[in-house]
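Student: Sharing a model that was predicted from the sequence below.
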Amino acid sequence: MKIFVLIWFLIDPQLLLGFWNLKFAEANFNIVNSPAFEASTKVQQDEFLVVNELYLKNAYYEFKKDTVYWTDVNPRKKLVVLKKGKWNLVGDTLNIYDYEKVFAYKFLVSVRDNELNLIIIFPDGSVSRSKNIYERKIEN
């Protein structure tokens, strides 16, 4: 039974290869629809919405052999930042090592059809309640 459980959580890294566009960011959706957002000032709401829109329109991951490219947003400068790093899978955990930081991003990952679900694992080991859903960009 333990072997079956281990196999169940193994994800073929080949499934991640390719370009994935953000389809839905649950945490961003929840923030915009929260009482805290409603209670914030118009200036704070507008600032968040500008950064949020940059993220939603530009977020992607592109997985190659052992390199990953993705976007982030610098909220102070309101700029999209292109990122590059290494990646690997350990069971159902995706590790992304940012070349610009001595830091690894960790995600619980699932892939089904042309959909990639990522749930962030925080540095303390706790897991987010929200997920980001990416859709595979199909080459024509």
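Tutor: Thanks, I have the structure now.

Student: Counting by contacts, list what the longest helix seen in the chain packs against.
Tutor: Ordering each helix of the chain by length in residues (DSSP state H) puts helix 42-58 first. Other elements packing on helix 42-58 under the criterion 3 or more CB pairs under 8 Å, 6 or more residues apart in numbering; DSSP states H and E are strand 18-25, helix 26-32, strand 67-74, strand 79-90. Quick note: C-beta positions are derived from backbone N, CA and C, even for glycine.

Student: Please convert those to CSV, extending it with mean neighbour count.
Tutor: Putting the helices and strands packed on helix 42-58 into CSV (neighbours: other CB atoms under 10 Å) gives the following:
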stretch, mean neighbour count
strand 18-25, 18
helix 26-32, 14
strand 67-74, 16
strand 79-90, 14
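
Student: Which of these sits closest to Tyr55?
Tutor: Tyr55 sits nearest to strand 67-74 of all the helices and strands packed on helix 42-58, at 4.8 Å, using CB to CB.

Student: In the longest helix of the chain, which of the residues would be classed as buried?
Tutor: By neighbour count with 16 or more other CB atoms under 10 Å, helix 42-58 contains the buried residues 48, 51-52, 54-55, 58.

Student: Beyond it, next helix or strand please.
Tutor: As assigned by DSSP states H and E, the chain's next helix or strand after helix 42-58 is strand 60-63.

Student: So what are the sheet partners of that next one and their directions?
Tutor: strand 18-25 (antiparallel), strand 67-74 (antiparallel) (DSSP bridges).
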